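Participant: below are the sequence and a predicted model; questions follow.
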Amino acid sequence: MNYKQLIEDAVQEKSSVILELSDRTFDLAEVGFREFKTVQLYIDALKQEGFDVECGLDGMPTAFKASYGSGKPVIGYLAEYDALPNLSQKANCAERCPAEEGGPNGHGCGHNLLGAGCFAAALGLKKYLEQNPGKGTVVLFGCPSEEKGNSKVYLARDGFFDCLDVAFSWHPGDNSGVAGFSSLANVSVFFRFKGVTSHAAAAPHLGRSALDAAELMSVGVNYLREHIIPEARVHYAYRDVGGIAPNVVQGSSCVHYFIRAPKSSQVQEILPRVIAVAEGAAKMTGTEMSYELYAGLSDLIPNHVVSDAAQAALEELGMPEFSQEEMEQARSFFQSCDSGGALEKKTAMVKARYGADALDFPVDRAIRPIMWNLPAMPGSTDVGDASYVVPLGFLGMATAVMGTAAHTWQMTAQGKSPIAHKMMLQAGKVLALAGVRFCEEPQLAERARAELEQATGGKYICPVPKGSAPRIDD
């Protein structure tokens, strides 16, 4: 049976609820681990729709799990809803204009749309399960603080995703398509040196400089860069230089390091070598060194079986239609730039990537085949950790005009546009229809799991050690 119409009707029937959830999340603009009012919106809406809701997962007050149905396969959708600081922006305004009400935060990464789109997917699949009881379970995970707290890392590490047979996520942006690329793995580490203060002129021999240790570590890491894979990145910033007085031998220092590489295993190979450099710097200066693994993210592993299901659903459903008024709004957003020459650069980029005709309506509506084996995108996401423990597909949908960068006021401004609404609803339909396919063909979930086992060797080494808790108060 073709379930396309069922899913389209189910999401469209609930479109007002879905759009209200997205828009109210936009207006609240709560940052990571502070999404209290936002999550209450989700809980109320999910309970109203008949989902069983469990709140406060893994010690995170704004994490939740909402379930409906019975049996296998268990299909998961991973929702996000946190905002970014200092990106307050009036919606649908093509010039910089902070919102008149609310705080300083804004949805510059489109997570108001992301979460509501996953909610739409869950509602769509629920409609199928109502007509086909016992053929599966849908689970919507509320995953807070993607931007700074990386909740999915802890949920993956502590087994919360183990109930899933497959999972889907998506992300708003300026391009559309099922992702065949990975993301960068990383770790964030604080290195602290403790020395002995002394008068730098009268008795320098009595001091042990923690600042010297930090600087020697930086020199050592600079030499290390030649002997690690060229795709890796190691960068740092000083957090404590021991004070501002040059006539004092500095007794403390702290330097914050990021280590990135295409694969989590590569990061784990580089990290002990950086630690060894820090230990050497401490020995050279007679200081004490300690380090704190602050955070970490695994690379994204796009699963071919799950991604193919999302691609098939995308091709079956197609892209929404847009009005002349919406096209004109898109062109006005495309024209908005912060500096001279930026528009020319953006125009050249769009022509090169999409063709000159794209400038007539600069929203990416093309449905392309999945491109596999591309270089990792130069960013990281905690969806990567979920992809190590459950076969996962990742969809991108152009909720903003071409050339719109994430984490900008321009992205925020388009978060409540009619185009964003339509593309978000379409993302929900695509992910719901892809979920239906796994319920109709349960053997696909077994194939997806076998592929994941082969890709990881059945191992997931969480970059954040067991016992460390989510940094809710940071």
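Facilitator: That came through, no problem.

Participant: contacts only, for Asn112.
Facilitator: Applying C-beta atoms under 8 Å, 6 or more residues apart in numbering, we find Asn112 in contact with 22-23, 25-26, 81, 83, 415. Every residue, glycine included, has its C-beta placed from N, CA and C.

Participant: make that Lys263, sorry
Facilitator: Neighbours of Lys263 in contact, by C-beta under 8 Å, 6+ apart: 185, 299.

Participant: and it, how close does it get to Glu147?
Facilitator: Per C-beta to C-beta, to the nearest Å, Lys263 is found 23 Å from Glu147.

Participant: where in the stretch 1-150 of the chain is pLDDT low?
Facilitator: 1 (pLDDT under 70).

Participant: and the strands in it?
Facilitator: 52-55, 64-70, 74-79, 136-142 (DSSP state E, counting those that start in this stretch).

Participant: and the helix or strand that the last one is followed by, what does it pack against?
Facilitator: Proceeding N to C from strand 136-142, the next assigned helix or strand is helix 151-157, under DSSP states H and E. Packing partners of helix 151-157 (3 or more C-beta pairs under 8 Å, 6 or more residues apart in numbering; DSSP states H and E): strand 288-297, helix 383-389.

Participant: one more time with 10 Å
Facilitator: In terms of contacts (3 or more C-beta pairs under 10 Å, 6 or more residues apart in numbering; DSSP states H and E), helix 151-157 is packed against strand 74-79, strand 136-142, strand 288-297, helix 383-389.

Participant: what sits closest to the residue positioned nearest the centre of the chain if chain neighbours are left out?
Facilitator: Residue closest to the average C-alpha location in the chain (C-alpha atoms, centre = their mean): Thr381, at 3.9 Å. Nearest residue to Thr381, sequence neighbours excluded (C-beta to C-beta, 6 or more residues apart in numbering): Ser183, at 5.4 Å.

Participant: how close does that neighbour sit to Lys152?
Facilitator: Taking C-beta to C-beta, one finds Ser183 at 12 Å from Lys152.

Participant: those two: who's more crowded?
Facilitator: Shown here are Ser183 and Lys152; by other C-beta atoms under 10 Å, Lys152 has more neighbours (29 against 25).

Participant: now the end-to-end length of stretch 453-462.
Facilitator: Terminal residues of stretch 453-462 lie 16 Å apart, using C-alpha to C-alpha, to the nearest Å.

Participant: now the helices for the protein?
Facilitator: Using DSSP state H, the helices of the chain run over residues 4-13, 15-28, 36-48, 111-131, 151-157, 210-224, 264-285, 304-317, 324-335, 342-354, 383-389, 409-413, 418-440, 443-456.

Participant: tell me which of the ones you listed lies nearest to Val138.
Facilitator: helix 111-131 (4.4 Å; C-beta to C-beta).

Participant: just how off-centre is that closest one within its chain?
Facilitator: When C-alpha coordinates are averaged (C-alpha atoms, centre = their mean, to the nearest Å), helix 111-131 and its chain have centres 19 Å apart.

Participant: repeat for stretch 88-98
Facilitator: The answer for stretch 88-98 is 23 Å, by C-alpha atoms, centre = their mean.

Participant: how about stretch 70-86?
Facilitator: With C-alpha atoms, centre = their mean, you get 11 Å for stretch 70-86.

Participant: grab the nearest non-local neighbour of Pro375.
Facilitator: Leaving aside its sequence neighbours, Pro375 sits nearest to Phe181 (C-beta to C-beta, 6+ apart; 7.1 Å).

Participant: pretty sure the one you found contacts Met377?
Facilitator: Yes: at 5.7 Å, Phe181 counts as touching Met377 under the criterion of C-beta atoms under 10 Å.

Participant: can you list residues touching both of those two?
Facilitator: Leu300 (C-beta atoms under 10 Å, 6 or more residues apart in numbering).

Participant: now the helices of the chain in JSON lines, with distance to Lys466?
Facilitator: Converted to JSON lines, these look like this (distance: least, C-beta to C-beta, whole Å):
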{"stretch": "helix 4-13", "distance to Lys466": "39"}
{"stretch": "helix 15-28", "distance to Lys466": "32"}
{"stretch": "helix 36-48", "distance to Lys466": "26"}
{"stretch": "helix 111-131", "distance to Lys466": "28"}
{"stretch": "helix 151-157", "distance to Lys466": "7"}
{"stretch": "helix 210-224", "distance to Lys466": "27"}
{"stretch": "helix 264-285", "distance to Lys466": "15"}
{"stretch": "helix 304-317", "distance to Lys466": "28"}
{"stretch": "helix 324-335", "distance to Lys466": "45"}
{"stretch": "helix 342-354", "distance to Lys466": "43"}
{"stretch": "helix 383-389", "distance to Lys466": "14"}
{"stretch": "helix 409-413", "distance to Lys466": "36"}
{"stretch": "helix 418-440", "distance to Lys466": "31"}
{"stretch": "helix 443-456", "distance to Lys466": "18"}
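
Participant: nearest to Ala99, of those helices?
Facilitator: With C-beta to C-beta as the measure, helix 15-28 is the member of these nearest Ala99 (8.0 Å).

Participant: next, the angle helix 4-13 makes with the closest one.
Facilitator: With axes from the mean of the first three to the mean of the last three C-alpha atoms, to 10 degrees defining the directions, helix 15-28 sits at 50 degrees from helix 4-13.

Participant: would you mark the buried spots in helix 15-28?
Facilitator: For helix 15-28, burial by neighbour count (16 or more other C-beta atoms under 10 Å) applies to 15, 17-19, 21-23, 25-28.

Participant: mind putting these in a markdown table, distance to Asn175 included?
Facilitator: As requested, the buried residues of helix 15-28 are exported to a markdown table (distance: C-beta to C-beta, whole Å):
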| residue | distance to Asn175 |
| --- | --- |
| Ser15 | 24 |
| Val17 | 28 |
| Ile18 | 22 |
| Leu19 | 23 |
| Leu21 | 24 |
| Ser22 | 20 |
| Asp23 | 23 |
| Thr25 | 23 |
| Phe26 | 21 |
| Asp27 | 26 |
| Leu28 | 27 |
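
Participant: tell me which of those residues is nearest to Glu49?
Facilitator: Val17 (8.1 Å).

Participant: related to what we said a few turns ago, looking at the strands of the stretch 1-150 of the chain, which is closest to Ile244?
Facilitator: Nearest to Ile244 among the strands of the stretch 1-150 of the chain is strand 136-142; the distance by C-beta to C-beta comes to 44.8 Å.

Participant: show me how far that closest one is from its chain's centre.
Facilitator: Here strand 136-142 shows a centroid-to-chain-centroid distance of 19 Å under the convention C-alpha atoms, centre = their mean.

Participant: for that strand, packing partners?
Facilitator: In terms of contact count using 3+ C-beta pairs under 10 Å, 6+ apart, strand 136-142 is assigned the packing partners helix 36-48, strand 52-55, strand 64-70, strand 74-79, helix 111-131, helix 151-157, strand 166-173, helix 418-440.
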